[in-house]
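Colleague: Sequence and predicted model, in that order:
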Amino acid sequence: MKMLGVKTLLLVLILSVMLASMVTEAASGNKVKRVKPHKPVKPVQELLTCKSRRSKCFMKRIKCPVECPKVKPKNPKDKACFLDCYSPKCEAVCKSRKPNCNGPGAACYDPRFIGGDGIVFYFHGKSNEHFTLISDSDLQINARFIGLRPEGRTRDYTWIQALGLKFGHHDFTLEATKAEKWDDNVDHLKLTHDGTELYIPEGDSSDWSSTKGDIQVERTSTTNSLTITIHDLVEISVNVIPVSEGDSKIHNYQIPSNDSFAHLEVQFRFFGLSSNVEGILGRTYRPDFENPAKPGVAMPVVGGDDKYKASSLLATDCALCVFSPDGTKDEHDSLMMEYGMLDCKGGGNGITCKK
């Protein structure tokens, strides 16, 4: 009987210990554990500098903003850090890597330009002909127009299909290649430098530069977008797009089913143009230019076909062209004002720009 009582007691003790353990585990499971939140990782802000002696920011080290810490962000849709070497502020800002069709220096759509003075104007030109956009002593930029003229119209609908650049004794061309059916995943850019076709691998931030380093080309998306930089002369943002079915219906373009009319959206930023600069777009940067396009007009069209028509994409023979491959520019005559960073708001003919 005593042995039975001892065994019973031991069993009760074991069960009590097990029950107490279960209660303890349950209680500990209900406790809220305090976990210290991870401190956000501050992005590494790149440092930039200007290497041009003409810049007021020459050799100053400028830090990129936290909002856009990288010059080449991994996500092509993110804004990039940009240092405007010709701005008196000497500060880095966040900037889209694609052309801004509502900013100064833009040439988009059925060519709608925004001049250096911030005024919107249209220049229609003619299909399959070439016109000079910029002609300065050390820089020439021509455009090839493509288009069509539906029955009953008095003029062509036109778009910029290619650009030809001349600087010194070098030339560079880029064009949107024809596409029957548009596909964003197919690259429609063709490039040449001094007559040799260039191949730049597809992919964001894939780039190329000349042997002397005077011109650089960088893709700003996997396909169909890039930036061309000619040091101390110009930066050009380019995007290739088709004429959409929606735009064709709205404007009655009557785009055929076998041609998407791939064309260029472009935005130029110029550095130190002379006061004698010419061209459809160039003249709007002259301090003495009075733009005939009236603000507020639905479609202010300006002429100049006879003055700025060129014989080819790389010709410098327009009536008012001033380019000279051996030309030198008087630095005191350079327009150091930078129009690319004007604050422009609105759309269509309602754009206003402030310095």
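Modeller: Looks like it arrived, so ask away.
Colleague: ok, S55 touching K89?
Modeller: No: taking contacts as Cβ atoms under 8 Å, S55 lies outside contact range of K89: 11.9 Å. Where you see a C-beta, it was placed from the backbone N, CA and C, and this is true even at glycine.
Colleague: Settle it for me: which of the two has more neighbours?
Modeller: Taking neighbours as other Cβ atoms under 10 Å, S55 and K89 compare with S55 leading, 21 against 11.
Colleague: Skipping adjacent residues, who's closest to the more buried one in space?
Modeller: Counting by Cβ to Cβ, 6 or more residues apart in numbering, C85 is the residue found nearest to S55 once chain neighbours are left out, at 4.1 Å.
Colleague: How many residues are close by the one you found?
Modeller: Using other Cβ under 10 Å, the number of residues around C85 comes to 21.
Colleague: in what helix or strand does it lie?
Modeller: Assigned by DSSP states H and E, C85 falls within no helix or strand.
Colleague: these two touch, right, it and S52?
Modeller: Yes: assessed by Cβ under 8 Å, C85 is found in contact with S52 at 5.8 Å.
Colleague: Residues in contact with both of these two, list them for me.
Modeller: F271 (Cβ atoms under 8 Å, 6 or more residues apart in numbering).
Colleague: All the strands of the stretch 151-300 of the chain, residue numbers only.
Modeller: 157-167, 170-176, 189-193, 196-198, 207-209, 215-219, 225-230, 234-241, 263-270, 273-274 (DSSP state E, counting those that start in this stretch).
Colleague: so which of the ones you listed comes closest to L314?
Modeller: strand 157-167 (4.4 Å; Cβ to Cβ).
Colleague: Counting by contacts, list what the closest one packs against.
Modeller: Applying 3 or more Cβ pairs under 8 Å, 6 or more residues apart in numbering; DSSP states H and E, one finds that strand 157-167 makes contact with strand 139-148, strand 170-176, strand 225-230, strand 234-241, strand 263-270.
Colleague: For the residue nearest to S55, give me its contacts.
Modeller: C50, S52, S55, C57, F271.
Colleague: ok, and the closest non-adjacent residue to A162?
Modeller: E175 is the one closest to A162 (Cβ to Cβ, 6+ apart), at 3.5 Å.
Colleague: surely the one you found meets F145?
Modeller: No: using Cβ under 8 Å, E175 is not in contact with F145, being 11.9 Å away.
Colleague: what touches both of these two?
Modeller: Q161.
Colleague: circling back: the residue nearest to S55 and V301: what is the separation?
Modeller: To V301, C85 is 35 Å away according to Cβ to Cβ, to the nearest Å.
Colleague: number of nearby residues for S135?
Modeller: Neighbour number of S135 under other Cβ under 10 Å is 25.
Colleague: what's the answer for D326, then?
Modeller: By other Cβ under 10 Å, the residues close to D326 number 8.
Colleague: Just say helix, strand or coil for it.
Modeller: coil (DSSP: H, G, I helix; E, B strand; the rest coil).
Colleague: For the chain, which residues score under the pLDDT cut-off?
Modeller: The chain contains residues with pLDDT under 70 at 1-13, 15-41, 327-355.
Colleague: Next up, the contacts around the residue nearest in space to the middle of the chain.
Modeller: Of all residues in the chain, the one closest to the mean position by Cα atoms, centre = their mean is K98, 2.5 Å from it. K98 makes contacts with T220, S221, S225, S237, N239, E265, as judged by Cβ under 8 Å, 6+ apart.
Colleague: can you pull the contacts of N185?
Modeller: Contacts of N185 by Cβ under 8 Å, 6+ apart are T222, T223.
Colleague: I'd like to know how far V217 sits from T227.
Modeller: Taking Cβ to Cβ, one finds V217 at 7 Å from T227.
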